[in-house]
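Undergrad: Here is a sequence together with a model predicted from it:
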2 protein chains.
Amino acid sequence: MHGPLVMIAGAGQYPVRLAQILAGHGERPFIAALEGAADPAAFGDADVRSYRLGQLGSLLSELRRRSIGDIVMLGSLPRPSFGALRPEASTLKYLPHFARAFQGGDDHLLRGVVRFFEEQGFRVHGPADIAPELTAPRGPLGRRQATAEQQAMLGHGFSLLAALSPFDVGQTAILADHRVIAIEAAEGTDAMIRRVADLVARGRLKIGKGDGVLVKAPKTGQDLRVDMPAIGPDTLRNIAEAGLSGIGLRAGEVLVGDREALGRQADQLGLFIEGVA
Amino acid sequence: MHGPLVMIAGAGQYPVRLAQILAGHGERPFIAALEGAADPAAFGDADVRSYRLGQLGSLLSELRRRSIGDIVMLGSLPRPSFGALRPEASTLKYLPHFARAFQGGDDHLLRGVVRFFEEQGFRVHGPADIAPELTAPRGPLGRRQATAEQQAMLGHGFSLLAALSPFDVGQTAILADHRVIAIEAAEGTDAMIRRVADLVARGRLKIGKGDGVLVKAPKTGQDLRVDMPAIGPDTLRNIAEAGLSGIGLRAGEVLVGDREALGRQADQLGLFIEGVA
């Protein structure tokens, strides 16, 4: 599937988890840990080196020296300020490309980054292509499974997300009692869950036991190589606190990091979490 | 269009406004003010009488005594508790109908009420049919008009609402910088606006001058006889505080109450508010 590989690593648990999965496959990628985002020490004895964004030239030289032609990018990165790049001399010639990419939303910037590496002759892979284990599998991650009624609500929710997709919004929604009760836009998933918890706490909304569900899927056309929806332990805790009964994730297209750990947490919280094809 | 008319009046400014508009047409409907919701004194010297919900039998007798065959219902009503109806003797026989209607959402209950009156031989009219002046006209209500760019965002927003309609959600959304930044579900319009104001206040979202817009339209298939979206002075104040530039309303299908007053308020707040066909 891929030759010698570099992981360009941002913040969070996913890059570390990907390195572990690849190590389990007997693979030892070169890891370029982005300064201020990824802690090189978190990767243990992996082949890791830190780079500032302004050291793109050095990174490219190192990749060529190592005959690395395959790239995977993973982890979050605060949107960099163009002025704070402090480019080294060997990076200066690439700036015009990024100056254009910076003039747009995050999607535009990410697409610009992918295009840059492709123009430089690299293949950019999605984390899910490199390690499907990072994503929600088909079926339940823990012991609980969605009931037929919960499955029907998940299906309704995924249809809603698909209908929203052309508007470049709506990766996540919450349904209860077969109604849509919250749709995520600029506020983010956790704020949306807190809103529902708050409506319940103030008696504005009742969610019966085994009722409320959250659905999460990428938008149609989202570039899963650099921009995947993700769910983690915090989200699970939040939906338990909001009194929801579980989570449906588009199988293979939502990052979960550690499937087993998330399944165990769901069991402890009394939630279902499952991937839906 | 209609014969002798009763307005069944709930809470808020709209029933009073409708009585004023009809008075302006030389019409003097009978007003059944629902106890605990509508204040009979607010209607001045109109032909008004108070009824509890449990006095449905008395109301029907009075309507027949007056040969009234046309009904308009307007104003909000807290969802009544079936147990608290305290039905009078002449109302008891109608209870089975409403017992069924109570077993469902608000939409179901409202449809049940309409069906009940129709079965009793009445014609139920929408407030917009009786008095189109209550709704947003085509074009601006105040002095400001949406720019071409704002109109494009309104169009995008109305398309979004139409796409959401089959899911029985989404009467209102907020867009800025050509992106959808908030979609209303169970939280209600004012909470959605506050959310956007909050994202801006915390630096999570930037809304440029002249940028953010709110769109409001009924859902496809919504029964506009008993359930119209509405916008009032509070909403206008809230969107000004959130730093939005204006509001687009589906013309003829969103209640505005007093067009002139709302237009003047929009002028004072520096907002556009307009109906879109």
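TA: Nice, I can see it. Numbers count the residues shown, from 1 in each chain, chains lettered A, B, ... in the order given.
Undergrad: Residue numbers of the stretch 101-250 of chain A in contact with chain B?
TA: Contact residues (CB under 8 Å from any CB of the partner chain) of the stretch 101-250 of chain A with chain B: A:105, A:156, A:159-160, A:163-164, A:166-170, A:173, A:177, A:179-183, A:185-187, A:191, A:195-196, A:199, A:204-205. All C-beta atoms are positioned from the backbone trio N, CA, C, and that covers glycine.
Undergrad: same thing but at 6 Å, please
TA: Residues of the stretch 101-250 of chain A found near chain B (CB under 6 Å from any CB of the partner chain) are A:160, A:163, A:167, A:169, A:180-183, A:185-187, A:195, A:199, A:205.
Undergrad: which stretches of the stretch 151-277 of chain A form helices?
TA: Under the criterion DSSP state H, counting those that start in this stretch, the stretch 151-277 of chain A carries helices at the ranges A:189-201, A:233-241, A:259-269.
Undergrad: What is the shortest one packed up against?
TA: It stands for helix A:233-241. If you count contacts as 3 or more CB pairs under 6 Å, 6 or more residues apart in numbering or on different chains; DSSP states H and E, helix A:233-241 packs onto helix A:189-201, helix A:259-269.
Undergrad: Just say which of the ones you listed is most tucked in.
TA: Stretch with highest mean neighbour count among the helices and strands packed on helix A:233-241: helix A:189-201 (a mean of 19; mean count of other CB atoms under 10 Å in any protein chain shown).
Undergrad: how about the CA coordinates for that one, as CSV?
TA: C-alpha atoms of helix A:189-201 as CSV (Å, rounded to 0.1, in the frame of the first residue of the first chain):
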residue,chain,number,x,y,z
THR,A,189,-19.5,18.9,19.0
ASP,A,190,-19.0,19.4,22.8
ALA,A,191,-20.8,22.7,22.9
MET,A,192,-23.7,21.1,21.1
ILE,A,193,-23.9,18.3,23.6
ARG,A,194,-23.7,20.7,26.5
ARG,A,195,-26.6,22.7,24.9
VAL,A,196,-28.8,19.5,25.0
ALA,A,197,-27.7,18.7,28.6
ASP,A,198,-28.7,22.3,29.5
LEU,A,199,-32.1,22.1,27.8
VAL,A,200,-32.7,18.8,29.8
ALA,A,201,-31.5,20.4,33.1
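Undergrad: The stretch 101-250 of chain A: strands as residue ranges?
TA: A:123-125, A:139-140, A:172-176, A:179-183, A:213-216, A:246-250 (DSSP state E, counting those that start in this stretch).
Undergrad: Now distance to A:Val113, mean pLDDT and mean neighbour count too, for those strands, in CSV please.
TA: Formatted as CSV, the strands of the stretch 101-250 of chain A follow (distance: least, CB to CB, whole Å; pLDDT from 0 to 100; neighbours: other CB atoms under 10 Å in any protein chain shown):
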stretch, distance to A:Val113, mean pLDDT, mean neighbour count
strand A:123-125, 9, 96, 17
strand A:139-140, 34, 97, 15
strand A:172-176, 24, 97, 26
strand A:179-183, 29, 95, 23
strand A:213-216, 24, 98, 27
strand A:246-250, 24, 98, 26
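Undergrad: so where is the stretch 101-250 of chain A shaky, pLDDT-wise?
TA: Applying pLDDT under 70 to the stretch 101-250 of chain A flags the ranges A:104-106.
Undergrad: how about the nearest residue to A:Glu119, chain neighbours excluded?
TA: Nearest residue to A:Glu119, sequence neighbours excluded (CB to CB, 6 or more residues apart in numbering or on different chains): A:His97, at 7.9 Å.
Undergrad: and the closest residue to A:Arg28 other than its chain neighbours, bridged to which residues?
TA: Nearest in space to A:Arg28, with sequence neighbours left out and distances taken as CB to CB, 6+ apart, is A:Asp47 at 5.9 Å. Note on A:Asp47: beta-bridge partners by DSSP bridges are A:Phe30.
Undergrad: didn't A:Asp47 look like it was pressed against A:Phe30?
TA: Yes. Using CB atoms under 6 Å, A:Asp47 makes contact with A:Phe30 at a distance of 5.2 Å.
Undergrad: So if I had to pick from the two, which one is more boxed in?
TA: More crowded of A:Asp47 and A:Phe30, by other CB atoms under 10 Å in any protein chain shown: A:Phe30, with 18 against 12.
Undergrad: From chain B, how far out is the more buried one?
TA: A:Phe30 sits 35 Å away from chain B when distances are taken as CB to the nearest CB, to the nearest Å.
Undergrad: now A:Gln145
TA: 25 Å.
Undergrad: what's near enough to touch the residue nearest to that residue when sequence neighbours are not counted?
TA: Counting by CB to CB, 6+ apart, A:Gln145 lies nearest to A:Phe272, which is 5.9 Å off, once chain neighbours are set aside. Residues in contact with A:Phe272, defined by CB atoms under 6 Å, 6 or more residues apart in numbering or on different chains, are A:Arg144, A:Gln145, A:Ala146, A:Gly246.
Undergrad: Are any of the residues you listed buried, and if so which?
TA: Neighbour counting by 16 or more other CB atoms under 10 Å in any protein chain shown classes A:Arg144, A:Ala146, A:Gly246 among the contacts of A:Phe272 as buried.
Undergrad: so what's the second one closest to, chain neighbours aside?
TA: For A:Ala146, ignoring the flanking residues on the chain, the nearest one in space by CB to CB, 6+ apart is A:Phe272 at 5.2 Å.
Undergrad: looking at the sheet around that neighbour, what are its partners?
TA: Beta bridges link A:Phe272 to A:Gly246, judged by DSSP bridges.
Undergrad: got the CA positions of stretch A:56-73 in CSV?
TA: The C-alpha trace of stretch A:56-73 is given here as CSV (Å, rounded to 0.1, in the frame of the first residue of the first chain):
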residue,chain,number,x,y,z
LEU,A,56,9.6,22.9,5.7
GLY,A,57,12.7,23.1,3.5
SER,A,58,14.7,21.0,6.1
LEU,A,59,11.9,18.5,6.4
LEU,A,60,11.7,18.0,2.6
SER,A,61,15.5,17.5,2.4
GLU,A,62,15.4,14.9,5.2
LEU,A,63,12.5,13.1,3.5
ARG,A,64,14.5,13.0,0.2
ARG,A,65,17.7,11.9,2.0
ARG,A,66,15.6,9.0,3.4
SER,A,67,13.9,8.2,0.1
ILE,A,68,10.5,8.7,1.8
GLY,A,69,7.7,9.2,-0.8
ASP,A,70,4.6,8.6,1.4
ILE,A,71,3.1,11.0,3.8
VAL,A,72,0.4,10.7,6.5
MET,A,73,-0.7,13.8,8.5
